[in-house]
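Asker: Fold the stuff below for me.
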Amino acid sequence: MEDRRAEKSCEQACESLKRQDYEMTLKHCTEALLSLGQYSMADFPGPCPLEIESIKIESLLYRIASFLQLKNYGQADEDCRHVLGEGLAKGDGAFQAVLCCMQLKGKLQLVSSILAKSLTGESLNGMVTKDLTRLKTL
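Answerer: Below you'll find the model as predicted:
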């Protein structure tokens, strides 16, 4: 009986640490997005706008993954629509280029696996599923 209680306590501690990690990820990504939002693209000459767009997309993707892990599906869907809407609306290929760079650097695997897990393991409403599926397909 004591063994089971200790095991359960360890499991709860592990879940708590994971939750704290996802919450910290959300905090850092939100801070990055707020910081980037203070500037206009005209403030950055040359190749900087693409780098800024890359940071923005990456931050949104990590926020989506963290929201999914924390089971905050509404916020994940909102960020998903935001990243898809802005990324695909421009039509300049920057969104796909950022995703390709992230994939090459191995940064997209975590986001992709969390998207896949959420789409197969959770009961999500139709719109959330549609948005997440579109993002995962990209």
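
Asker: and the helix or strand harbouring E7, how far from the chain's centre?
Answerer: If you go by DSSP states H and E, E7 is part of helix 2-36. Taking the mean C-alpha point of helix 2-36 and that of its whole chain, the gap between them comes to 16 Å (C-alpha atoms, centre = their mean, to the nearest Å).

Asker: Please point out which parts of the next helix or strand after it sit buried.
Answerer: Where DSSP H and E defines the elements, the next helix or strand beyond helix 2-36 is helix 48-69. Taking 16 or more other C-beta atoms under 10 Å as the basis for neighbour counts, the residues of helix 48-69 that come out buried are 53-69. Heads up, the C-betas are built off the backbone N, CA and C, glycines and all.

Asker: List the buried residues in the helix holding E7.
Answerer: For helix 2-36, the buried set under the neighbour-count rule, 16+ other C-beta under 10 Å, comprises 22, 25-26, 29, 32-33.

Asker: Can you list the helices and strands that it packs against?
Answerer: helix 48-69 (3 or more C-beta pairs under 8 Å, 6 or more residues apart in numbering; DSSP states H and E).

Asker: pLDDT weak spots in this structure?
Answerer: Counting by pLDDT under 70, the ranges of the chain that qualify are 1-3, 39-48, 91, 119, 121-138.

Asker: What would the helix or strand hosting V111 look like as CSV? C-alpha coordinates only.
Answerer: Per DSSP H and E: V111 is located in helix 108-121. Once non-C-alpha atoms are left out, helix 108-121 reads as follows in CSV (Å, rounded to 0.1, in the frame of the first residue of the first chain):
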residue,chain,number,x,y,z
LEU,A,108,9.0,20.7,-36.0
GLN,A,109,9.0,17.1,-34.8
LEU,A,110,7.8,17.9,-31.3
VAL,A,111,5.0,20.1,-32.6
SER,A,112,4.0,17.5,-35.2
SER,A,113,3.9,14.6,-32.7
ILE,A,114,1.8,16.6,-30.3
LEU,A,115,-0.6,17.6,-33.1
ALA,A,116,-0.9,13.9,-34.1
LYS,A,117,-1.5,12.8,-30.6
SER,A,118,-4.2,15.4,-30.0
LEU,A,119,-5.9,14.5,-33.3
THR,A,120,-6.0,10.8,-32.5
GLY,A,121,-6.3,10.7,-28.7
